[in-house]
Each structure stands twice: as structure tokens, then as C-alpha cells.
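In: what shape does this take:
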Amino acid sequence: MDEKKKTSLGMDENIEGALCYVLGFITGIVFFVLEKDSKFVRFHAMQSIATFLPLMVIGYLIGSLAIWSWSMLWFFGMISTLIWILELILWIVLMLKAYQGEMFKLPIVGDFAEKQVK
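Out: Model (predicted):
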């Protein structure tokens, strides 16, 4: 039976990796700062930050545009909803992949996260 790797925080790598996504970029920042040894966890933490922080900012900006442009409210509302759905899908997939012990890389963001951890 395969023994799970422990992190500098004393948790199994896969559990800590999944926790990097639980509260989006917030837990990503927490684990990126606290975890010193595990490149697996640090990768998932940085990927969480680089994925969910920009999506939150974009969602906020689009929501703000809806307030300023009443004539385009339906359009901005639809875009905002699509961003929320994308975030939900990414949140579930990334947590599951990390829990399964995979170094699952998103396009562009995954390469960026990997460079930050080396």
C-alpha cells in the first residue's frame, strides 16, 4: 500500500492540495505562505490564486458594468452568470484532482503556477 506524503504542516499532500481550493484564492494564499516543503501543495495553492482571484475581479467588474448600463443589464447579467458557473466547475474539478494526487494544470494558469513554485 502506498504511504501518503506528509507536508510541512503535517497533513497528507492530497488533502492539503485540495484545501488550497476550498475558499478559492484565500486558501490558496494561506497555503502558499504556510507550506514550505511540498511543491505539490504550493503548485495547487498558486494555481488557486492565479485562477480564482482574476475570475473574482472580472466578475466584480462585469457586475459593476451592469449597474452603470441599465440597457445592457441582461447581457452583463448573463456574462456574470457564466463566469460564476465556470468558477463552480473549476472549483469542483480542481479540488477533486488535487485530492486524487494529480498535478492537474489548467492552460496558461497551470504553467504560471508551476514556474512560481520551482
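
In: and the one residue sitting closest to the centre of the chain, what element?
Out: The C-alpha lying nearest the average C-alpha coordinate of the chain belongs to residue 48 (C-alpha atoms, centre = their mean; 2.3 Å). Residue 48 is part of helix 39-68, with elements assigned from DSSP states H and E.

In: which of the residues in that helix are buried?
Out: Within helix 39-68, the residues that count as buried by 16 or more other C-beta atoms under 10 Å are 40-52, 55, 59, 62, 66. Any C-beta I mention is one placed from the backbone N, CA and C, and that applies to glycine too.

In: same check on stretch 70-82?
Out: 76, 79, 80.

In: any idea how far the last one lies from residue 74?
Out: The spacing between residue 80 and residue 74, counted by C-beta to C-beta, to the nearest Å, is 11 Å.

In: for the chain, just list every one of the helices.
Out: With helices called from DSSP state H, the chain shows them at 13-22, 25-34, 39-68, 73-99, 109-117.

In: could you dump these to a markdown table with mean pLDDT and distance to residue 7?
Out: Output for the helices of the chain, formatted as a markdown table (pLDDT from 0 to 100; distance: least, C-beta to C-beta, whole Å):
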| stretch | mean pLDDT | distance to residue 7 |
| --- | --- | --- |
| helix 13-22 | 96 | 5 |
| helix 25-34 | 97 | 9 |
| helix 39-68 | 91 | 6 |
| helix 73-99 | 92 | 12 |
| helix 109-117 | 95 | 14 |
